[in-house]
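[1] No sequence on hand, only this structure:
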């Protein structure tokens, strides 16, 4: 029998100490062990982006990261990022533009869009599409999402934060 | 003519309000089935057949049973005692035959991916570990994998007692087809091939069944489009009292028709919960989804079209062959797609002579069944492909040829050659509108100029009709428990808030928002005061769920009627309390007002509180009912047809075969538009599924019935970088059958996209003497058509 | 146990007996995260074939999820700081094996000294994958359709390999042996990549044809050459996605030696490719299509390079 490992990490600003099987993925860990079900499982082979979360400030695929690899890391999921207000402009724009239908891809989309806007505050539509090219959406056809990211970029650049 | 509710300034009908239920989704607070936690929850995983066709000689589960975390291992023989098999036939599909399908295969596996053994364990990972320990002895059998030879004498018959592999055959004959072809000035003939597709919903199929032995009650949380239908099916096949089965659909992560069918693995999960008396969760993982979700669109159509000297289409003839799986899916049957192809081909055009022959054959591949815009992409790819070919042969501009032949806008009511009844459509107006929107002439000039530089642009066109809001003549007539009606119960609470419960489902398209808009408008409150409940068979009126774009047209009408009834009830009470005639009062923005002056007399909250808490203040004889229920069934027309025309501008790299979608246009006529933004997004969303079909998606099988690309790496769907912007315009031809006047819009994006894209590709490469008649139009196929590489050996 | 099965793009992978093991939760494995290279080698010696090294895990973990591979233990090497860092000295750019794609892309050193490596990153997967996937992992994994191995061939990179007994260097051309097969012996670990700093008058280019943005290459070309005016020399053309490993197309390179690009030269280049390349069929393209795309790539990539300003 393979022993569980104890990991210590910060998730959405809260300290977490848990025992995990080495084979448990980070996405399964945050969903099952921590009840943070806002991040979703779509493919478990790194293609769809539904499991996108933030580890040490960087976007990662939760299905291609082991929970044990997050020992000592700072993890942020949609719940924490949403509560912090960091993506309020994006969320407002997504709502206004109906840039979501079933909502399953949305947390991953929001995190990826936020990542883009951090490095490029006024991306072109083409640049938005490229950056989101690893996030699968089957409902919207992507146009409303591109519209929303454009709107949010404008709001963040022009308006007060 | 009296003003309708739509005309009130406070009406939400026609306003693009944001979706209230989207708020929690953008915060990550959706509740999808896999998010639900119940005490003593366990997980099921399946051993699935590795072979397309095999006899199961023996199954040894002893090692699996001893595997850590395992609670139960169940084989087909045992499961058959807990779940009866089902047969996917409908009485009005004459001749449709299918064999009983079991929740777990008993002695024979008939498609790669068919569930054979169920393992229940504490975690999914442990269940999978145990599955790996199951020993099965198979005797491989010759699989049926080629629809063209499925009916040949030498081909094995998949179900011996059915006699052959023919599931269903259909013939339509109207007018004088032979004469029309004999007298034709021009005849064009093509053979079209369509790749098998699957839906790839981002949230895979998910079921959490919870049997409470004490109550004898089964609650099933399902990612599904049709809770009432599933309640019936589960109760029937598990031998439970239907009144003791509750189906709850919480948030659904995409469906597109995939989640409206009866799946053996989901039925197993429900049966296992009853057997184990505890919650059992089944989440189809992505790899098993590809081989267990229903597939669709596997068709080969031979077709021809006749044109007379006046450049008018006089006849169309098609022969449609489709290869489904080893069973007709239940309960909607796998014959409907072929039926729709036969019904819809040529549907936008004016011609009297039509012959169609459709055959549905069994194969040892995944089951096929209804997937968004059932049959439409095939029908319109065939039609528009023939139309384009005819125009090319005649040397007439393709838009002009369509203008000459699309049915006139004043030709209605009209019954088509294939027997479709149209109330009123707007093909001509829609075509004129789209040509203007896209600046067709400008695009043509640009195309000619770029061609001189060796750049090959194409303009695609596709006209279509859409099946929406079907009546009972679609399914119910065939003896299946699928509701064609829908209902809405609407209630005023003492807070002044309105609660609506309706039998449709929400899978992201905004049906709850649509209901809220209509309810708010009908009663006279702000939309923020409206709460909508869907998806729970215990708490909603008996309904049909969401499919075939029926929600707005049917449940929307029910909501409108219920809202008006509630309004009348409120005004009756208010009138009594205010000693005023109800007709002199109105409800605006949540208050009862003087109709002529607008002066507020009392709030709806006041009305509610009086009725609920201070009933003694009411005058004698008043029996207040602050709740109303109305149901609506379409009756005049079997289907409320919508129509659309699509156009695209694309560029083909003739050296590599790659297609770049530049821009897309759609003009849609779905009658009254309740929320233009939601309709636009339904159109755009439909497009991604069918641009996928046109260029990327294909379930590829080898000659042993193995699906070769059953992962997201290899089954390609368009992502953000592959999709164009889509400009949308509307024509509005409301249906007179309902007060709302709305028809459905969910099929619009989908049904015509492959037709439009292929039309564009062929417009681009036609000058080089090339054409494609198979989708997906991959770079490989385009280069083959251009003669740059040899055709791939099959 | 512990051995890798075939690639799913070159031969059917989800068929017959293989299918029953297709899951998406990995088989159980143990995990160790050593703090020193010496510990890594001890663990490798102890577990042999049953151990896999874990760096970014973007390829490995997908394969483990699908149970294409079932090692008994993963040895996480991301704690080895000595495998990080990008340093330029003596005309050589040394990139630590644990450098992520994102770090390569963001590095000004790489942009100056080996611009091809910056250019290629935007063709590889997607942002979230690039934040964890490592250059060393890509090379050690040796997917025939991967872009990085082809770049290493074109740039004449040296790969530094460490083992218990010491270190050795292998030229990229000798490192890639076959599908998922490299010169790495049991007990060895890739530690760094050394790329010659791009010299004056040299230009490089990368492009690929893939069905969608970020997908595996149907054919990809990493090209590197010296341009004296319009005349090419010291040409390297390395392709990915057309063979069991990345390949240098030497015949085509020789055609270009000492000549400038014109219609005739390009026709000869394409003919040379047709002689040498015999790509296998896969799901996206037949071998003939891959060859055709390779020819088109040669023309397009070289044309763009010829037009570029000398940096």
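    All right, it came through fine. Everything quoted here is computed from the prediction, not taken from an experiment. Residues are numbered from 1 along each chain as shown, chains lettered A, B, ... in the order given.
[2] Which secondary structure state is assigned to the closest residue to residue B:477 other than its chain neighbours?
    Excluding the flanking residues, the one nearest residue B:477 by Cβ to Cβ, 6 or more residues apart in numbering or on different chains is residue B:92, at 5.1 Å. Any C-beta I mention is one placed from the backbone N, CA and C, and that applies to glycine too. Classification of residue B:92 using DSSP: H, G, I helix; E, B strand; the rest coil returns coil.
[3] doesn't residue B:474 make contact with residue B:92?
    No: Residue B:92 lies out of contact with residue B:474 (Cβ atoms under 8 Å); the separation is 9.3 Å.
[4] Show me where the chain dips below the pLDDT cut-off.
    No chain in the question, so chain A it is. Chain A contains residues with pLDDT under 70 at A:159-161.
[5] Chain C is the one I meant
    C:1-22, C:309-311.
[6] Outline the domain layout of it.
    C:81-196, C:202-306 (automatic domain parsing).
[7] With residue B:147 as the reference, name the closest of the ones you listed.
    Nearest to residue B:147 among these is domain C:202-306 (20.8 Å), distances taken as Cβ to Cβ.
[8] can that closest one be found next to chain A?
    Yes: contact of domain C:202-306 with chain A (Cβ under 8 Å from any Cβ of the partner chain) involves C:212-214.
[9] Same check on stretch B:198-217?
    Yes: residues of stretch B:198-217 contacting chain A under Cβ under 8 Å from any Cβ: B:199-204.
[10] got JSON lines for the residues of domain C:202-306 next to chain A, with distance to residue B:627 too?
    Converted to JSON lines, the residues of domain C:202-306 next to chain A look like this (distance: Cβ to Cβ, whole Å):
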{"residue": "C:212", "distance to residue B:627": "52"}
{"residue": "C:213", "distance to residue B:627": "53"}
{"residue": "C:214", "distance to residue B:627": "54"}
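[11] quick one: which of those residues has the most company?
    Within the residues of domain C:202-306 next to chain A, most neighbours by other Cβ atoms under 10 Å in any protein chain shown means residue C:214, with 20 neighbours.
[12] Within its sheet, name the partner strands of the helix or strand hosting residue C:205 and how each one runs.
    Element membership of residue C:205 [criterion: DSSP states H and E] is strand C:202-209. Sheet pairing for strand C:202-209, assigned by DSSP bridges, gives strand C:219-228 (antiparallel).
[13] From the contact counts, what lies against the helix or strand just after the strand it pairs with?
    Downstream of strand C:219-228, the first helix or strand assigned by DSSP H and E is strand C:231-240. Applying 3 or more Cβ pairs under 8 Å, 6 or more residues apart in numbering or on different chains; DSSP states H and E, we find strand C:231-240 packed against helix C:147-154, strand C:219-228, strand C:247-248, helix C:250-256, helix C:287-307.
[14] wait, what's in contact with the closest residue to residue B:263 other than its chain neighbours?
    Of all residues not flanking residue B:263 in the chain, residue B:205 sits nearest, at 6.5 Å (Cβ to Cβ, 6+ apart). Counting by Cβ atoms under 8 Å, 6 or more residues apart in numbering or on different chains, residue B:205 makes contact with B:223, B:258-259, B:263, B:265-266, B:282-284, B:289, B:292-293.
[15] doesn't residue B:189 fall inside a strand?
    Yes: read with three-state DSSP, residue B:189 is one of the residues of a strand.
[16] The chain: helices as residue ranges?
    Assuming you mean chain A. Secondary structure of chain A (DSSP state H): helices at A:26-28, A:78-83, A:88-96, A:106-119, A:125-131, A:143-158.
[17] let's do chain C instead
    Under DSSP H, chain C gives helices at C:16-19, C:37-47, C:60-65, C:101-106, C:108-113, C:115-121, C:127-132, C:135-141, C:147-154, C:172-175, C:250-256, C:263-276, C:287-307.
[18] Over to the stretch 501-650 of chain B?
    With helices called from DSSP state H, counting those that start in this stretch, the stretch 501-650 of chain B shows them at B:511-523, B:556-578, B:604-613.
[19] Let's have these in a markdown table, adding mean pLDDT and mean neighbour count.
    Shown next, in a markdown table, are the helices of the stretch 501-650 of chain B (pLDDT from 0 to 100; neighbours: other Cβ atoms under 10 Å in any protein chain shown):
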| stretch | mean pLDDT | mean neighbour count |
| --- | --- | --- |
| helix B:511-523 | 92 | 27 |
| helix B:556-578 | 94 | 23 |
| helix B:604-613 | 95 | 18 |
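[20] can I get the helices of chain A in TSV with distance to chain B?
    Output for the helices of chain A, formatted as TSV (distance: least, Cβ to the nearest Cβ, whole Å):
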stretch	distance to chain B
helix A:26-28	9
helix A:78-83	3
helix A:88-96	5
helix A:106-119	5
helix A:125-131	4
helix A:143-158	5
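[21] Which one of the residues in the stretch 151-300 of chain C is closest to chain A?
    Closest approach between the stretch 151-300 of chain C and chain A, counting by Cβ to the nearest Cβ: residue C:213, at 4.3 Å.
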